[in-house]
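Student: Give me a 3D structure for the following:
(chains A and B)
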Amino acid sequence: MSNRSLIGEFTKGLIEENATFRMVIGMCPTLAVTTSMVNGFWMGLAVIFVLTFSNVFVSVLRKVTPDEIRIPVFVILIAAPVVIVELVMNAYLPDMYRVLGIFVPLIVVNCIIIARAEAFAYRNSVIRSAFDGLGIGTGFMLDLMLIGAIREFLGTGTVTVGSMVFPPKPLFEPMAVMLTPPGGFVTLGILMAVLNILVQRSASKKAKVEA
Amino acid sequence: MADRLLITSSPHVKAPRTVRGIMLDVVIALVPASVAAVVFFGMKALTVLLASAVSAVLAEYLYEKATKRPVTVGPKGDGSALVTGLLLGLSLPPAVPLYVPIVGSAFAIVIAKQIFGGLGTNFVNPALAGRAFVMAAWPLHMTSDWLNPRTFDAVTGATPLYAFRGGQSVGSLTDLLIGNRLGSLGETSAIAILLGGAYLIARGVIDYRIPVGFLGTLGLGIFIFGKPGALFQGDPVTGILLGGALLGAFFMATDYVTSPVTPKGRLYMGIGVGLITLLIRYWGDYPEGVTYAILLMNLATPLIDRFVVPRYYGYAHDVEARRRANRAGGELS
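Tutor: Alright, predicted model coming up:
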């Protein structure tokens, strides 16, 4: 049972329990769809929606769900919002749906969502679970956008958001490798290292202040 | 007095050889190839070599400063960054834009070497990792920025390696030996590389087994499969002189850190590099496979070291005991 404030349930997903960089789960879409910032944004938004609702459903039913069959129950509860996302995306964002492809339906078995259902929503109140889902999802979206922006910038020379292109012309010759899986792994590894250094530094500062 | 009493386990043999001395030997061995590159490709070659060597040393310095580790470059450094930079430069086409050697060196030193703990703990050859990265980043530059030797005109055509693969003639053996042809900086002059390689073997810096295994396998393979549509009619000498085989065999596959420690293991590694190079050259999409062949065998090195265990003096050739030892090792790791 968590004893944070509701705000704390939200903000822990941004850095402290960040899905990509701290818990290192949900790596499949993280590496596959982050070839541009916009891809990361939509994938992240889909995950926020699914994660919030699946957390709420799991939490609502947590007292009547038999322990032995909880995983199949979770999967069904997760599949419902995923189907909603899939159909809505297919109807209103057909281009993005084509780009994200299989990774939208695969949200059903995304380990972030199963992990939060099992580790959090199954043991906590509905409102807490909703905040947890929102927070972890938002953190995941920011991760994808950050990785996507870096890979898009280095791999194509520009970052495109809607009709805005920044910088208008590539300032250097784009490195094709950044759009490929190796480029994704290198970006992810470096970002993880940087975040770890920053977190360690702030922790050692905090320890000094307390001592 | 007490600090002069050293208590260590065997072996107690002392040798004057240091990492710095070995690296210095490698640099000396690379001089002929570098000079040949500058002779054939002019100032362009010099700037590419300088850019990659300087940025490799600088990258090592900056990373070690940033992470507050002991600095291993400079007058008292181990010289390994310089070797990495030079090797990377020699593996690039002469007319590449200067950001290619700079990014390649930075990747080689920071990502392939330092992040894994620096010299001695990198799992692949840093120079080749850097080359593979720039190859994937700017494939067009890496496969078309050639210079005509001596006239220094830009040539974007196919290198002799392509022509050879198609079964066409590729010019005289003399030109191939001296280096009067298209190709990467350090791979064109076979004589210069052989000179450096002979120096390294004579000084005992490298083990002849890796180059012999590599070039022997490659030559045999080219002899068998080298001519399209016919078996056993290939031209192994030309095939070995073309591409990066010589440079890779003497200077890159022999990297201590990423090659097996036992003599037999080294032979196996050489054979593996030869086989993979052959596969990529004749049945793959890339023009040259030496880079990837060596990188792949680097990854297989721990495996080779584990299975090729020398027989110790005083122990019977006990297969069962070795198996038990292997199993124990497996549980530990």
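Student: Counting by contacts, list what the helix or strand of chain A with the lowest mean pLDDT packs against.
Tutor: Lowest on mean pLDDT, DSSP states H and E among the helices and strands of chain A sits strand A:164-166, with a mean of 83. Strand A:164-166 makes packing contacts with strand A:159-161 when contacts are defined by 3 or more Cβ pairs under 8 Å, 6 or more residues apart in numbering or on different chains; DSSP states H and E. (Glycine included, C-beta is placed from N, CA and C.)
Student: ok, and for the strand it packs on, which residues are buried?
Tutor: residue A:159 (16 or more other Cβ atoms under 10 Å in any protein chain shown).
Student: one step back: what's next to the least confident helix or strand of chain A, contact-wise?
Tutor: In this structure, residues lying in contact with strand A:164-166 by Cβ atoms under 8 Å, 6 or more residues apart in numbering or on different chains are A:158-160.
Student: Out of the residues you listed, which comes closest to residue B:164?
Tutor: residue A:158 (40.2 Å; Cβ to Cβ).
Student: List the beta-bridge partners for the residue lying closest to the closest one once chain neighbours are set aside.
Tutor: Distances taken as Cβ to Cβ, 6 or more residues apart in numbering or on different chains place residue A:165 nearest to residue A:158, at 5.1 Å, with adjacent residues excluded. Counting by DSSP bridges, residue A:165 is bridged to residue A:160.
Student: low-scoring stretches of the stretch 201-333 of chain B, by residue?
Tutor: Counting by pLDDT under 70, the low-confidence segments of the stretch 201-333 of chain B come to B:311-333.
Student: Residue A:188 and chain B: what is the separation?
Tutor: 13 Å (Cβ to the nearest Cβ, to the nearest Å).
Student: Off-centre distance for the helix or strand hosting that residue?
Tutor: Element membership for residue A:188 (DSSP states H and E) is helix A:181-210. Put simply, helix A:181-210 sits 18 Å off its chain's centre (Cα atoms, centre = their mean, to the nearest Å).
Student: Could you list the contact residues of chain A toward chain B?
Tutor: Residues of chain A found near chain B (Cβ under 8 Å from any Cβ of the partner chain) are A:172-173, A:175-178, A:180, A:182-183, A:186, A:189, A:193.
Student: Show me just the buried residues among the residues you listed.
Tutor: Among the residues of chain A next to chain B, those classed as buried by 16+ other Cβ under 10 Å are A:175-178, A:183, A:186.
Student: quick one: which two of the residues you listed are the most distant?
Tutor: That would be A:176 and A:186, which, of those, are the farthest apart (Cβ to Cβ) at 13.4 Å.
Student: quick revisit: which one of the contacts of strand A:164-166 is nearest residue B:306?
Tutor: residue A:159 (46.2 Å).
Student: I'd assumed residue A:152 was in contact with that closest one.
Tutor: Yes - here residue A:159 lies in contact with residue A:152, judged by Cβ atoms under 8 Å, at a distance of 5.2 Å.
Student: Show me the shaky parts of chain A.
Tutor: A:1-2, A:211.
Student: center of it - which residue?
Tutor: residue A:140 (2.3 Å; Cα atoms, centre = their mean).
Student: One more: chain B?
Tutor: Nearest to chain B centroid, counting by Cα atoms, centre = their mean: residue B:252, 1.4 Å.
Student: Distance of that one relative to chain A?
Tutor: 20 Å.
Student: SS state for residue B:233?
Tutor: coil (DSSP: H, G, I helix; E, B strand; the rest coil).
Student: What is the neighbour count of it?
Tutor: 13 (other Cβ atoms under 10 Å in any protein chain shown).
Student: And the one 4 residues further on, by the same measure?
Tutor: A count of neighbours around residue B:237, defined by other Cβ under 10 Å, yields 15.
Student: how much space is there between it and residue B:210?
Tutor: 20 Å (Cβ to Cβ, to the nearest Å).
Student: Can you tell me which helices and strands the top helix by length along chain B packs against?
Tutor: When chain B is parsed with DSSP state H, its longest helix is helix B:19-66. Helices and strands touching helix B:19-66, by 3+ Cβ pairs under 8 Å, 6+ apart, are helix B:80-90, helix B:99-106, strand B:146-147, helix B:190-202.
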